[in-house]
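1. Sequence and computational prediction follow.
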Amino acid sequence: MSLGVQKDAILRFAERNDITITRWFKEKQTAAKSGRPVFNQMLKALRAGKADGVVIYKIDRSARNFFDWDRIGKLADSGVDVHFATESLDFSSRGGRLSANIQMAVAEDYVRNLSIEVIKCQRNQLERGLYPFSAPIGYLNNGKRELKTIDPVKGPLVKQAFELYGSGQYSLHSLRREMAKRGFTKPSGEPRSKGCFEAFLANPFYTGIIRIRNTGEVFEGAHEPLISVELFERVAEIRAGKSGKKITRHNHLFRGLFACGRCGRSMIPERQKGHVYYRCQFRECPRNCIREEPLTDKIVEVLSANPLSDQVIAAIDKKVAAWAKKHDGSDDTRTHAMRMAQLDARLERLEDAAIEQIIDADSFAKRKQKVLLEKAALETARRKTARFHQIPGVIRKFLERLKNLAEHYIFAEPAEKREIVEIATSNRTVKDKYVSVEPSKWLKETRDALAVLSCPHHRTTSRTDHNRTQDEEAHLERLAEVAESPDVARLFDLFMDGYRNAAVDKGDCQHDHDSP
Ligand SMILES: [Zn+2]
């Protein structure tokens, strides 16, 4: 039926029923696949109270499937007047609704028949383990009849999302934030929607199984799975609220954080007689099992090994100040500004010359690029100079906070503890009763720098002293990089969360990270 005819029918209906049409919504017939954006817009506008009701041309226009139908039904329940231009249906009465439901079922059947040929072809592919629809996030489309392959960028991120959620330490909300930090965002850089997470966490495609949502049919996929069935089921249980709540967060403290020193598999927590044990469940390592307490002790030991007395901090402060002064080049700032103005003027003259056709397009492009490159180099130099103004403050703050790393850990909430462990330590293994934990790369580098920089200067002029100055400068540079790194920023964010938590009275004002 052409749109003109539909519009006429709606207008006539509106006239008969004394309805004023304030806005038209027109969905393309092919919009079913793309999630029917106009239909959704219409529902949104109605829910927002933009109109008293809606006139729909015909039932199969309003609802291609039961899901849409259900949403229209809910709309009617919430007090919106739902009219159909070509059917005499009274949506507000029970009989009217029933009749509408029957017509809807007929419409659904009709639509289904239309696409039966498409379905035949799809079924053929499904039976061969191919997924004839667009790839779920984390996989790549390789053409209509080709296997989906794991997206080298998003695939590992989707896997991480399953693992994090499966740890029981994350709500959907905190998972979204964490994954955004790890780079799993919309193209705009915003966190992906809750709906996106809900959809992929419930999609068994990632375990190698193809499930058709509408019909519930299941096919064995030929694509490479991204996660284990076990992990998928754990996630499903947590989603359903069956798991994760019963086991206290404390049980999970080191879940996935320690590896078996014999086979490298993850140490799995379990609760026995009031104690939490971590055990390697590989049958070849039957005795590799340890209580949680020695793990905690080891973590605290590694975190507290920062030799940062007030004297050390003061000594390093001095060296940082001298180093920054040497490089900050306050005189340079003016030179930079002048040089930048010169380049801008040159660019302008160049553009004028191009407009007046004194130079041809080709040489204009070449010369312009040269100026732009010079500008970029200058900007880099300027930023480097500016950085040296701030660095003494940044390093001092970093060291003072680092001094209390172990204390912060001890008083942190379990989820924060896990993050501190992940950021500040590495190579966590258990072999028999021996626990091994190393400081993470940045923490190790910081300690190396501290060891070198906390030695007092000897006033000699030997060659070794020259080497030593160079060595010190390299450590200062590294210290500055660490102090400005995202890992350290995140770590101190956690500390600040800790302070906020301590500042409120926990009895009646629980700080909830997950409230929107
Ligand atoms: Zn093992």
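-> Structure received.

2. domain ranges for the protein?
-> 3-114, 128-246, 310-503 (automatic domain parsing).

3. and the last one, does that touch the ion?
-> The reference is to domain 310-503. No. Domain 310-503 stays clear of the ion (Cβ under 5 Å from the ion), getting no nearer than 8.9 Å. For glycine as for every other residue, the C-beta is placed from the backbone atoms N, C-alpha and C.

4. For residue 222, pull up the helix or strand it's in.
-> For residue 222, there is no host helix or strand (DSSP states H and E).

5. State the number of residues packed around residue 487.
-> Residue 487 has 15 neighbouring residues, counting by other Cβ atoms under 10 Å.

6. I meant to write residue 443 there.
-> For residue 443, using other Cβ under 10 Å, the count is 24.

7. pretty sure it is in contact with residue 421, am I right?
-> No. Using Cβ atoms under 8 Å as the test, residue 443 is too far from residue 421 to be in contact (11.6 Å).

8. Can you list the residue ranges for helices in the stretch 251-400 of the chain?
-> With DSSP state H, counting those that start in this stretch as the definition, the stretch 251-400 of the chain shows helices at residue ranges 292-304, 310-328, 330-355, 361-403.

9. So which elements touch the shortest one?
-> Helix 292-304 sits against strand 275-280, helix 405-411, helix 414-424, strand 425-431, strand 434-439, with contacts defined as 3 or more Cβ pairs under 8 Å, 6 or more residues apart in numbering; DSSP states H and E.

10. Distance to residue 368, mean pLDDT and mean neighbour count for the ones you listed - can I get that in a markdown table?
-> Below are those laid out as a markdown table (distance: least, Cβ to Cβ, whole Å; pLDDT from 0 to 100; neighbours: other Cβ atoms under 10 Å):
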| stretch | distance to residue 368 | mean pLDDT | mean neighbour count |
| --- | --- | --- | --- |
| strand 275-280 | 62 | 89 | 19 |
| helix 405-411 | 50 | 87 | 18 |
| helix 414-424 | 44 | 88 | 20 |
| strand 425-431 | 47 | 94 | 18 |
| strand 434-439 | 49 | 95 | 16 |
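
11. all strands of the stretch 151-300 of the chain, in order?
-> 209-211, 218-220, 259-260, 267-272, 275-280, 289-291 (DSSP state E, counting those that start in this stretch).

12. Pipe the ones you listed into a markdown table and attach distance to residue 310 per row.
-> Formatted as a markdown table, those follow (distance: least, Cβ to Cβ, whole Å):
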| stretch | distance to residue 310 |
| --- | --- |
| strand 209-211 | 60 |
| strand 218-220 | 65 |
| strand 259-260 | 38 |
| strand 267-272 | 39 |
| strand 275-280 | 38 |
| strand 289-291 | 37 |
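
13. Among the ones you listed, show the one with the smallest mean pLDDT.
-> Mean pLDDT is lowest for strand 218-220 among the strands of the stretch 151-300 of the chain, at a mean of 81.

14. contact partners of it?
-> Strand 218-220 has contacts (Cβ atoms under 8 Å, 6 or more residues apart in numbering) with 126, 127, 129, 204, 208, 209, 210, 211, 212.

15. who's the residue nearest to the second one when sequence neighbours are not counted bridged to?
-> What it means is residue 127. Closest residue to residue 127 apart from its sequence neighbours, by Cβ to Cβ, 6 or more residues apart in numbering: residue 219 at 6.7 Å. Residue 219 has these beta-bridge partners by DSSP bridges: residue 210.

16. how about low-confidence regions in the stretch 1-150 of the chain?
-> 1-3, 28-35, 59-70, 77, 87-95, 97, 100-119 (pLDDT under 70).

17. what are the ranges of the helices in it?
-> Under DSSP H, counting those that start in this stretch, the stretch 1-150 of the chain gives helices at 3-16, 37-47, 59-62, 66-77, 94-114, 116-127.

18. want to throw the strands of the stretch 151-300 of the chain into JSON lines with distance to the ion?
-> Output for the strands of the stretch 151-300 of the chain, formatted as JSON lines (distance: least, Cβ to the ion, whole Å):
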{"stretch": "strand 209-211", "distance to the ion": "29"}
{"stretch": "strand 218-220", "distance to the ion": "31"}
{"stretch": "strand 259-260", "distance to the ion": "3"}
{"stretch": "strand 267-272", "distance to the ion": "8"}
{"stretch": "strand 275-280", "distance to the ion": "3"}
{"stretch": "strand 289-291", "distance to the ion": "10"}
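
19. for those strands, which one sits closest to residue 297?
-> strand 289-291 (10.2 Å; Cβ to Cβ).

20. Parallel or antiparallel, list what pairs with that closest one.
-> strand 275-280 (antiparallel).

21. Report the inter-axis angle for the strand it pairs with versus strand 434-439.
-> 80 degrees (axes from the mean of the first three to the mean of the last three Cα atoms, to 10 degrees).

22. Show residues contacting strand 275-280.
-> So strand 275-280 is contacted by 250-251, 253-254, 258, 260, 262-263, 265, 267-271, 288-292, 295, 430 (Cβ under 8 Å, 6+ apart).

23. Then stretch 177-189?
-> 154, 157, 158, 160, 161, 164, 170, 190, 191, 192, 197, 490.

24. Quick one: end-to-end distance for it.
-> Distance between the two ends of stretch 177-189: 12 Å, counting by Cα to Cα, to the nearest Å.

25. Give the buried residues for it.
-> 178, 179, 184 (16 or more other Cβ atoms under 10 Å).

26. and the residue of the stretch 51-200 of the chain found nearest the ion, what does it touch?
-> Nearest residue of the stretch 51-200 of the chain to the ion, counting by Cβ to the ion: residue 163, 18.8 Å away. With contact taken as Cβ under 8 Å, 6+ apart, residue 163 is in contact with 227, 231, 256.

27. State the distance from the first one to residue 6.
-> Read that as residue 227. From residue 227 across to residue 6, the span is 47 Å (Cβ to Cβ, to the nearest Å).

28. List the residues that contact the nearest residue to residue 222 once chain neighbours are set aside.
-> The shortest distance from residue 222 to any non-neighbouring residue, by Cβ to Cβ, 6+ apart, is to residue 129 (3.0 Å). Going by Cβ under 8 Å, 6+ apart, residue 129 touches 210, 219, 220, 221, 222, 223.

29. now these as CSV including distance to residue 360 and neighbour count?
-> Formatted as CSV, the contacts of residue 129 follow (distance: Cβ to Cβ, whole Å; neighbours: other Cβ atoms under 10 Å):
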residue, distance to residue 360, neighbour count
210, 59, 22
219, 62, 17
220, 63, 11
221, 58, 22
222, 57, 14
223, 54, 19
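
30. tell me the two of these that are most distant?
-> Maximum distance among the contacts of residue 129 (Cβ to Cβ): 11.1 Å, for 219 and 223.

31. Show the pLDDT at residue 205.
-> 92.
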